[in-house]
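Asks: Need coordinates for the below:
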Amino acid sequence: YERYQALTEEQKELVYNRDKLLALEWIWGSMPAAETGIATWKELKSAIEGTAAGETKEICLEGNISNLPKDPDKPVEDIIPIKIPQGAKVTLDLNGKTLTFESEVKDQQSLKNLFEVEKDGTFTIACSSQTTPVSEEALINYRSRSRMVQGIDSDGYKDAMEKESRYDRATKTVTYYVINSMTSDMEFKKEADKNNASAKRYRIHLDQVGAIEGSYINNAVAVKEGGTLYITNGRITAVKSNRAVLVEGGTAEITGGYIVGNDERPTTPAPSNGGGVSVISGGQLVMTGGMIAGNKVIGNSSTGVPYEMGNGGGISVRSGSSAVIGGDAVIAGNIAYHGNGGGIFADGGSSVKVEDDAVIAGNLAEAELKNVSVGGKTYPDASKSNFKGSGGGIYIAPFQRGSRKNTLIVEGGVIAGNVAEACADPRLGYGVGGGGIFTGGDLRVGGDCHIENNYAFEGGGGIMIWYKNNAAGHSYTNNGYHYPTFYMSGGTVRGNT
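Replies: Predicted structure coming up:
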């Protein structure tokens, strides 16, 4: 009403009824003038946390902001977390610029979040001046250096694996490899002998993309219960941190942008889940665009890490949460190091859906295997190995009777070139594998989906469906767990090894 009274008489004549006035109020409320001139993290914190409930504010960066060198007038740890207030709507337009923050705390257990979205708060990360990143593709041939495993060059595959999940912070370039299966790559067979393996290398240059870069932080963005995060563009990189995004009972919608490069751990590392994004406590992730690539999560049971940790190199979905990966979203080149689910991991009554033209490719679930010699043969030692490394693309955990089931629905997209490195201990009857998909829950495959050219060192190059697990030191036993189910009404599964 006050805004209406401030109009000229001529303007008032244009607003001739209540509906028009409400429409004008809506436009004013949704199109605020962008706040500019912010040059320090302290000023950014003040601008964001000064947003009132019900207020909409856009902040557009005009230059790079870094806390390096450290601000002598304000301790670093007093600046973070920067909180999007309850009921406020804040848009951060990176505008091709970079926010850099390095914490002084190096102990992983004491790390803080960079941004936190409070209940009913909305945080949008955008980049209005972003140009389309330059992408390169190349076919790389790996010649065998020693032995073959089931007709596949294990050394060639290992060479490619070791080069995955690489983000060059100097050049802002992410590189990942999608393994080609020798059993289906007929063109490659014609051109070279079978002692080779091949991979397609993807390299994406992100130097012109606005970014949020954090070092030694807990999460770049944490979304609390009832909060909402939108990522439409820009890059988020969390180095020597737990992950880029934590959705804790809130909602995250990703339509564009890049979550890349969380491929190192803090100085005193502890295991965590979700190298790129972790969704917990009934949270929801909807991804219809953008890329989650070149991230790594670490678990290690030989140092006392519980079985439930170190999973989901790209995305972890747990405790009654859900994730929908669709549109042209890409989950690629992520690693669960000594964990399960190179691309995506789901447990605790959670669900994952893959649809449209989504791509889940070139992800790796890598095992921690320590061998023992028995009767002249070498096996992984159950007392020294964590037996993870299942579900190179996606891992769906078993579920107990009486609890909510874990489900995976694949109705579209491509799941290709993923690798599950785990090997079984035949003395225990313990099953591992699933280069494309590992499931102990409910799996439905249909539509125009493609599960192709995935590789498992043990069982189920494309899909592994598994129930029994009685390996020493694991929380899953033979009793109290549902049998998994598998229903296929369409799609293509081929060329997996």
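
Asks: Only C-alpha atoms from now on, for both contacts and neighbour counts.
Replies: Fine.

Asks: Let me see the ranges of the helices in this protein.
Replies: With DSSP state H, the ranges of helices along the chain come out as 2-5, 9-14, 18-30, 41-49, 76-79, 154-162, 186-191.

Asks: remind me which residues of the stretch 301-450 of the chain are low pLDDT?
Replies: Counting by pLDDT under 70, the stretch 301-450 of the chain shows low-confidence ranges at 301-309, 368-387, 400-402, 423-431.

Asks: run the last query once more with 90
Replies: 301-310, 333, 335-339, 362, 364-390, 397-405, 417, 419-433, 440 (pLDDT under 90).

Asks: Please report how far residue 242 lies from residue 388.
Replies: The spacing between residue 242 and residue 388, counted by Cα to Cα, to the nearest Å, is 20 Å.

Asks: do the same with residue 439
Replies: Taken as Cα to Cα, the span from residue 439 to residue 388 is 13 Å.

Asks: who has more neighbours, these two?
Replies: When neighbours are counted by other Cα atoms under 10 Å, residue 388 comes out ahead of the other of residue 439 and residue 388, with 30 against 27.

Asks: Contact partners for that one?
Replies: Contact analysis of residue 388 by Cα atoms under 8 Å, 6 or more residues apart in numbering lists 338-340, 365-368, 422, 432.

Asks: swap the cut-off to 7 Å and go again
Replies: For residue 388, the contacting residues are 338-340, 367-368, 422, by Cα atoms under 7 Å, 6 or more residues apart in numbering.

Asks: biggest separation within those residues, which pair?
Replies: Greatest spatial distance in the contacts of residue 388: 340 and 368, 10.9 Å, computed using Cα to Cα.

Asks: who has more neighbours, the two?
Replies: More crowded of residue 340 and residue 368, by other Cα under 10 Å: residue 340, with 44 against 22.

Asks: List the contacts of that one.
Replies: Residue 340 makes contact with 311-312, 365, 388-391, 395, according to Cα under 7 Å, 6+ apart.

Asks: Most neighbours among the residues you listed, please name it.
Replies: Most neighbours among the contacts of residue 340, by other Cα under 10 Å: residue 391, with 42 neighbours.

Asks: so it sits right up against residue 367, yeah?
Replies: No. Using Cα atoms under 7 Å, residue 391 is not in contact with residue 367; the gap is 10.8 Å.

Asks: Show the end-to-end separation of stretch 330-346, please.
Replies: Using Cα to Cα, the two ends of stretch 330-346 sit 18 Å apart.

Asks: cool, stretch 434-449 as well?
Replies: End-to-end distance for stretch 434-449, by Cα to Cα: 17 Å.

Asks: same deal with stretch 433-452?
Replies: 15 Å.

Asks: Then stretch 205-222?
Replies: Using Cα to Cα, the end-to-end distance of stretch 205-222 comes to 27 Å.

Asks: residue contacts, residue 274?
Replies: So residue 274 contacts 243, 297, 311-316 (Cα under 7 Å, 6+ apart).

Asks: Let's see which of these end up in strands.
Replies: Per DSSP state E, strands hold the following members of the contacts of residue 274: 243, 297, 315-316.

Asks: Now render the residues you listed as JSON lines, adding neighbour count and distance to residue 217.
Replies: Formatted as JSON lines, the ones in strands among the contacts of residue 274 follow (neighbours: other Cα atoms under 10 Å; distance: Cα to Cα, whole Å):
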{"residue": "243", "neighbour count": "37", "distance to residue 217": "8"}
{"residue": "297", "neighbour count": "34", "distance to residue 217": "15"}
{"residue": "315", "neighbour count": "32", "distance to residue 217": "18"}
{"residue": "316", "neighbour count": "33", "distance to residue 217": "18"}
